[in-house]
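Undergrad: After the sequence you'll find the predicted model.
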Amino acid sequence: MDTLDRNIINHLQGGFPISTRPYAEAAEQLDITEAELIQRLTELLEQGLLTRFGPMYHAEQLGGGLTLAAMRVPQADFEDVAETVNAFPEVAHNYARDHELNMWFVLATEHEERIDQVIHDIEAQTGLRVYNMPKQAEYYVGLRFEV
Amino acid sequence: MNNSDTETHKTTRPLDSDDRRIIQATQAGLPLTPRPYHTIAEQLGLSADEVMARFQRMLANGIIRRIGAVPNHYALGYRANGMTVWDVPDEQIDELGRCVGQLDFVSHCYHRPRHLPEWPYNLFAMVHGRTQSQVEAQIQQIADLLGEYNQGHRTLYSTRILKKTGLRIR
């Protein structure tokens, strides 16, 4: 990663134009050519330094359900439970964390009513309680990083 | 959801099928072509002007948070990622949440329900640093900011990613 890559990452985390030639416009700001910007973005994506380039959608506003949930999983059953939980297509992310509540996952469903059903099914299939923690207010969502 | 969110939501025109097709076509990313909105338009059989107008509208009404690069913070050296959770009084949480959310190392900040007695924490803030000691300094900064309203806190570090498919509408 060189200075230009850093510039691209630091300056293009938002505000990408909606226009006929948006890469050309963004490239001009960075003092490079359109082709150079497209090439660099392609490489940054291939190298995994960017997970994505494009619109970041506001999941709840798409009309579906979204929640964070946690479980207390006995260590001996951890892999089996992870497999059971991950098999639900509604489980978008799942992380092991260092706490008594040691499994934390995000549920995203097309319809809001489906959240309760999935939680019920996970509890039924694992025999473990699911702690549902839907957001009650959002104060900030950013993820802007300086590199 | 806070009041302003709810109001925005109510006045937002619901997504129609063309919006959904645009979302499906672009949730993994924009085409890396010189005229990406035209590329999408061709794929979907819409005009480029229509596609760009819909993007403008979705950006204006908050369906799209922003358009640009989504960095892989882990690959970029932010290896210490902690979910900090705090027990603060319900009466003060909105004010405190907004203050914590303004700290530049906090990427997400939410009010979530307690599950008493085992889970007393109602304020969640994700923090990111290059090292664990950097994250610990950040946690101290949040503790200082909350002052007497901090009735207890924990930091849960992720030890393993078990699944990461991202949010996808079908």
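TA: Now that the structure is in, tell me what you want to look at. Numbers count the residues shown, from 1 in each chain, chains lettered A, B, ... in the order given.

Undergrad: Once you drop chain neighbours, what's closest to the most centrally placed residue in chain A?
TA: In chain A, the residue lying closest to the centroid (C-alpha atoms, centre = their mean) is A:H93, at 7.5 Å. Nearest-residue entry for A:H93: A:V106, 4.5 Å, with adjacent residues in sequence omitted and distances by C-beta to C-beta, 6 or more residues apart in numbering or on different chains. For glycine as for every other residue, the C-beta is placed from the backbone atoms N, C-alpha and C.

Undergrad: give me the beta-bridge partners of the one you found?
TA: Beta-bridge partners of A:V106, counted by DSSP bridges, are A:L68, A:H93.

Undergrad: burial of it, as a residue count?
TA: Applying other C-beta atoms under 10 Å in any protein chain shown, we find 20 other residues in the vicinity of A:V106.

Undergrad: With B:I93 instead?
TA: Taking other C-beta under 10 Å as the criterion, the count of residues near B:I93 is 19.

Undergrad: show me the contacts for B:N81.
TA: Remark: with contacts taken as C-beta atoms under 8 Å, 6 or more residues apart in numbering or on different chains, B:N81 is in contact with B:H73, B:Y74, B:M126, B:V127, B:H128, B:V135, B:Y157, B:S158.

Undergrad: For the residue nearest to the fifth one when sequence neighbours are not counted, give me phi and psi.
TA: Distances taken as C-beta to C-beta, 6+ apart put B:Y78 closest to B:H128, at 4.5 Å, once the chain neighbours are dropped. Main-chain dihedrals, B:Y78, degrees, to the nearest 10: phi -90, psi 80.

Undergrad: B:Y78 and B:M126 touch, don't they?
TA: No: distance between B:Y78 and B:M126: 11.0 Å, which falls outside the contact criterion (C-beta atoms under 8 Å).

Undergrad: Just put the contacts of B:N81 in JSON lines and tack on secondary structure and neighbour count.
TA: Shown next, in JSON lines, are these (DSSP: H, G, I helix; E, B strand; the rest coil; neighbours: other C-beta atoms under 10 Å in any protein chain shown):
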{"residue": "B:H73", "secondary structure": "coil", "neighbour count": "19"}
{"residue": "B:Y74", "secondary structure": "coil", "neighbour count": "16"}
{"residue": "B:M126", "secondary structure": "strand", "neighbour count": "18"}
{"residue": "B:V127", "secondary structure": "strand", "neighbour count": "26"}
{"residue": "B:H128", "secondary structure": "strand", "neighbour count": "21"}
{"residue": "B:V135", "secondary structure": "helix", "neighbour count": "22"}
{"residue": "B:Y157", "secondary structure": "strand", "neighbour count": "15"}
{"residue": "B:S158", "secondary structure": "strand", "neighbour count": "17"}
